[in-house]
Every structure is written in structure tokens, then in C-alpha cells.
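In: please find the sequence and the predicted model below.
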Amino acid sequence: MHNELTDRVIDYLHDDPNALSACGLVSSSWLATVRFHRFTKVHLRWSQIVPFHMLLTVSPALAPYVVHLSMTNNARKEAAICGILRSLTRLHTLSLSHFIFAPQELHSVVASLPPSLAHIELNQVDIPTVGDLIRIWTALPRLCSFTVVAVLWIRAPDIPDSYSQPLVPADPIVSLSELHLRWWMRHGDVLGRWLVAQHIPAQLRACSLYVVGTDMSLNARAIMSALGPCLETLELFALPPSVEAAGPSPGPEFKPFGECTLSRCTNLRELRLYASLERVKEWAPLDDRSMQWMPSFLARVQTPSIRCVFFSIEGAPGGSLYHGLPYLRDIAVLLSRDVFSELQEVVVQLYDHTQEAVHEEVFASIRKHLKRFDDRGLLTIKTVRSKKT
């Protein structure tokens, strides 16, 4: 069989590990294509870390194929983890989930990170200090993207003096162009001040800021105030204080991002705003301030370059989603201001954790509130449902 034809057959099996392994036994000429599909993306549960390290030890030719690696760990396997990382000289993306790092352990892992890394994602990771996070960034000359998913627990706010000296904008200590802080992190306010002092926000092309707690609001405000002309995509989410804390009255206006106008972001193309309309408790009243902040924020925006505004509303299709829709009426008026004259698309994404169909009344309400954009063919409505577990 011709090589191009066999490659097409193997490509078709790209997501079937057992079939790929069987193909690898057929002919040595098939190995390169099989290994490409089998090892380009590797996900390791905690029980697979040591076996995969042993595999790389006896078959080092596999290491160059690994470009994306994700590891979930809840046990001490420092030697194996460091051995894997040292072997993967072409690693581009690293995702770590459920890691709790002791100081020395983290130092060993950082020392083992391959310089080829461009993207890092942390999901429920515990590290000793803010300085340790900065150490990760500064150890990787090609790092351009850093993402936090769920909680990043930083035990202490300490930053070494060697990282604390303000630098001129032309000589940044970190080369990040994308920063995505998509949930809560302890000592986020300390990190935000450091990022601003080092002029990092001004160099970002994409930024995600989620406000969950007072310190994260301070962090978000500091970073947003320092964003600049490089920014092309901005993603924002805010979760208000719980209704138990706020009491029966919603309290003062919820302004998670302060008075920011984005006036310096002259090349911003896409603005993505997220809201979660879920009850804290089943018996608790619905707190819609997760979406209430959007109109007041949009009223302050002063950058005329935005081409797309994207709204993601999370809630139950037969209930809580309805509570967020009236805000779209005010949003439609604000998006009609001259500052949004370059707008080419308005997207509303409905996300729910159930398997219910979204009621047609919801779609009709969205089209009614955003009629001026629907009439011009600028409105897109999407639905996303979480998969059953």
C-alpha cells in the first residue's frame, strides 16, 4: 500500500489509541505516523506518571513526539515528573491539575521544565509563594501564555527582591502575551501589583480576568488599568458576594472592574463577558448581579475598535436564564453608542448544566431585546450544554 494511503488510514484512527497501537505493530514504516497521533497529546493520571517515565526511559525516541502534556497528580512522584519533563525537549503546552507543591519539590520541577514551553495551564494547584509563580515565568524564555483554571492557592505573598525591582517597559522580566486568570487565586492582589510594576499588562494581546472575592477585584482593576494598545481580546467574569452575606437587599452597585474605560486599548477587537445565574443554595433567592454589572461596565467603555461583543449566560434553561435576559435591553442601547460603530457581531451564548432544551421563549426574548442587531444580521445565538457524567 502506498505510504500516502496508509497515512490517510492511520489519520482516520487518530482518536483510537488501541487501533493506533495495533497499527504500530504492522510495519516499521508506519511508526512515525502512529507515534505522531499516539503521543502528540498525552494525558497522565497520577497512576500513569511512573509507567510513562519508564516508557520514555526505555524508548527515548518517543519523547520528541510529545507536544502537549497534561498531568493529574495527588501523590509524591517528584523524580518521575522531573524525569518526564527533562525528556520532552519539544514540549509546547503543559497542564498541571491537583498538584500540591512543597518548596523544594517545586524548585526541582521548575529546573526540569524544557525551554521550549510556550503555554502553561494550572488547575487547582497549590504553590508556596507568589515568587514561585514568577520563578516559573522567568525560567521559560518562550512562554507566551499562562492560564489559571479553578483555584490557584498561593500560600504566602512573598516575592524575592530580585523580582521586585520595577523595570522599564522595553525590558520586561516576563515575555507573556496571553494571561488568563479564570477563577480565584489567593494573594491575587499582590500578583496584580507586581504585574503592573513590571509593565506586563501593557504587552498582553489576550487577557481573561475573573473576579471572585475582594482581592481578585483589586487584582483585576490593577491589571485592567494597565492594559494597552497590544490588547486584542478581553474576557471578563464576575461573581458577586453571596446572597447570604448581602442579605435580602442587593446592597451597593456591584462594580467588579471599577471605573475602567479601556480607553488605552485602541486595538481591542473582541470583548467577552460571562455571567453565572445560579443560586448559591436551592432555597436562596436568585442573585442576578453576576450580570447586573455588564450594562454599567459597557457604559464606561471608550474604545472604538471593538468588532465583536460576546455574552455567555450560564443558568437553567427553564428558570434562571430568564432573569438575565432583561439586561440585554439596556445592553442593546449601550451597544448602539457611537463608540461601538465598528461592531460587526453580537453573540449570546446560553450555557446550562442540565440536558433540557432551551425554551423557544428564551430565543424570542433575546431577539426582541437585541432586535436592532438581529435586523442587521449581526446577532448570533448559541447554546452549550455540559456533557453528562
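Out: Here it is on my side, so go on.
In: for residue 260, give its distance to residue 201.
Out: 12 Å (CB to CB, to the nearest Å). Heads up, the C-betas are built off the backbone N, CA and C, glycines and all.
In: from residue 277, how far out is residue 134?
Out: 36 Å.
In: no, scratch that, I was asking about residue 107
Out: For residue 107, the distance to residue 277 - CB to CB - is 43 Å.
In: neighbour count for those two, which is higher?
Out: The residue with more neighbours, out of residue 107 and residue 277, is residue 277; 22 against 14, by other CB atoms under 10 Å.
In: pretty sure that one is touching residue 315, no?
Out: Yes - counting by CB atoms under 8 Å, residue 277 touches residue 315, with 3.7 Å between them.
In: where in the protein is the helix or strand with the lowest mean pLDDT?
Out: Ranked by mean pLDDT, DSSP states H and E, the weakest helix or strand in the chain is helix 243-246, scoring a mean of 44.
In: next SSE after that helix?
Out: The helix or strand immediately downstream of helix 243-246 is strand 270-276, counting by DSSP states H and E.
In: who does that next one pair up with?
Out: strand 233-239 (parallel), strand 308-314 (parallel) (DSSP bridges).
In: next structured bit after it?
Out: helix 289-300.
In: so for that following helix, what's the average pLDDT?
Out: Mean pLDDT, computed over helix 289-300, is 87.
In: that one packs against which elements?
Out: strand 233-239, strand 270-276, strand 308-314, helix 327-334 (3 or more CB pairs under 8 Å, 6 or more residues apart in numbering; DSSP states H and E).
In: can you say which of those is nearest to residue 218?
Out: Smallest distance to residue 218 across the helices and strands packed on helix 289-300 (CB to CB): 13.0 Å, for strand 233-239.
In: now the end-to-end length of stretch 55-71.
Out: 16 Å (CA to CA, to the nearest Å).
In: meant to ask about stretch 207-219, not that
Out: 13 Å.
In: how many neighbours does residue 87 have?
Out: Neighbours of residue 87 using other CB under 10 Å come to 19.
In: who's in contact with it?
Out: Contact analysis of residue 87 by CB atoms under 8 Å, 6 or more residues apart in numbering lists 56, 60, 63.
In: of those residues, buried ones?
Out: Buried subset of the contacts of residue 87 (neighbour count, 16 or more other CB atoms under 10 Å): 56, 63.
In: how about stretch 180-193 as PDB, C-alpha atoms only?
Out: Extracted in PDB, the C-alpha atoms of stretch 180-193 (Å, rounded to 0.1, in the frame of the first residue of the first chain):
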ATOM      1  CA  HIS A 180      -5.900  34.100  31.600                       C
ATOM      2  CA  LEU A 181      -6.800  34.200  35.300                       C
ATOM      3  CA  ARG A 182     -10.100  32.200  35.100                       C
ATOM      4  CA  TRP A 183     -11.000  31.800  38.800                       C
ATOM      5  CA  TRP A 184      -9.900  32.600  42.300                       C
ATOM      6  CA  MET A 185      -6.300  32.800  43.500                       C
ATOM      7  CA  ARG A 186      -5.000  33.700  46.900                       C
ATOM      8  CA  HIS A 187      -2.900  36.800  47.000                       C
ATOM      9  CA  GLY A 188      -4.100  37.800  43.600                       C
ATOM     10  CA  ASP A 189      -3.900  41.500  44.600                       C
ATOM     11  CA  VAL A 190      -0.100  41.100  45.300                       C
ATOM     12  CA  LEU A 191       0.400  39.400  41.900                       C
ATOM     13  CA  GLY A 192      -1.600  42.200  40.200                       C
ATOM     14  CA  ARG A 193       0.500  44.900  41.700                       C
END
